[in-house]
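1. following is a predicted model, sequence given first.
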Amino acid sequence: MESGCRLYARSLAIYVVFCGWMSLRVFSAAVLKEENTSVAVVAETTPCWQVEEFVVLAECALCSDFQTRSWPECSPTGYVERVNCTKSQKEEYKSCRSPRMEEHLFWKFEGTMLALTVLFALLVVSRQRALDRLASEKVRKQIESI
C-alpha cells in the first residue's frame, strides 16, 4: 500500500495536469472565437502603417500641449512622427520614441538599479552581522558551559 504522501502528490499532479488541460481548451476556444469575429474589424480600424510598409516624412518630434490632449497618437509616448503608407498613399501620424526620451529612461533605470544595489548590499551586511552575533553568542555559551 502506498504512503499518504505519495498518494497526495500523485493526486495533486493529476489535478494540476487536468486544470492545465482545461485552461488550455478554454483559452484556445476564446482565441479562435476572437480571431473569427475580428478579421473584418481589423481592416477598418488598423492604421495603415501597421499592415503595410511606410516611409517616414517627418522625424520623431515632441507633441505640443494641444496635440497631446487631442491626438490619440501622442498619448503613449508624447512624441509623434508623420508617415506615408506606400500602398494606400495615406499620410498618418504614428507614436514614436525619441532618443532624448530613451536616454532619460535609461538613466532612470540605471539610478533605480544603483539604489537597489545599495539597498540589498546594506541588507546583506546587516544580515551577516546578525549571523556573526548569533555565532559568537553560541561560541560564548559553549565556552561558558565548559
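-> Noted; the coordinates are in hand.
2. so residue 141 versus residue 116, what's the distance?
-> 37 Å (C-beta to C-beta, to the nearest Å). In this view, the C-beta of every residue, glycine as well, is placed from N, C-alpha and C.
3. if you could redo that for residue 83, that was the one I meant.
-> Residue 83 is 39 Å from residue 116, by C-beta to C-beta.
4. more neighbours: which of these two?
-> For residue 83 versus residue 116, neighbours defined as other C-beta atoms under 10 Å are more numerous around residue 83 (21 against 10).
5. count of residues packed around residue 119?
-> Residues within reach of residue 119, counting by other C-beta under 10 Å, total 10.
6. what strand or helix carries it?
-> Here residue 119 is covered by helix 99-145, with elements defined by DSSP states H and E.
7. let me see the mean pLDDT of that helix.
-> The average pLDDT within helix 99-145 is 95.
8. stretch 74-84 now?
-> 88.
9. what does the domain assignment say about this protein?
-> 1-36, 45-97, 99-145 (the TED database).
10. winner for burial among those domains?
-> domain 45-97 (a mean of 14; mean count of other C-beta atoms under 10 Å).
11. so what would you say the end-to-end distance of that domain is?
-> Using C-alpha to C-alpha, to the nearest Å, the end-to-end distance of domain 45-97 comes to 23 Å.
12. try stretch 71-87
-> Stretch 71-87 has its terminal residues 24 Å apart, counting by C-alpha to C-alpha.
13. stretch 85-100 now?
-> Across stretch 85-100, first to last residue, C-alpha to C-alpha, it's 26 Å.
14. ok, then the element right after the longest strand anywhere in the chain?
-> Scanning the chain for the longest strand, with DSSP state E as the assignment, gives strand 54-62. Per DSSP H and E, the first helix or strand lying C-terminal to strand 54-62 is helix 65-70.
15. pull the residues that contact that next one.
-> 74, 75, 78, 80 (C-beta atoms under 8 Å, 6 or more residues apart in numbering).
16. contacting residues for the spatially closest residue to the third one that is not a sequence neighbour?
-> Right, residue 78. Excluding its sequence neighbours, the residue lying closest to residue 78 (C-beta to C-beta, 6 or more residues apart in numbering) is residue 63, at 5.6 Å. The contact partners of residue 63, by C-beta under 8 Å, 6+ apart, come to 71, 74, 78, 79, 80.
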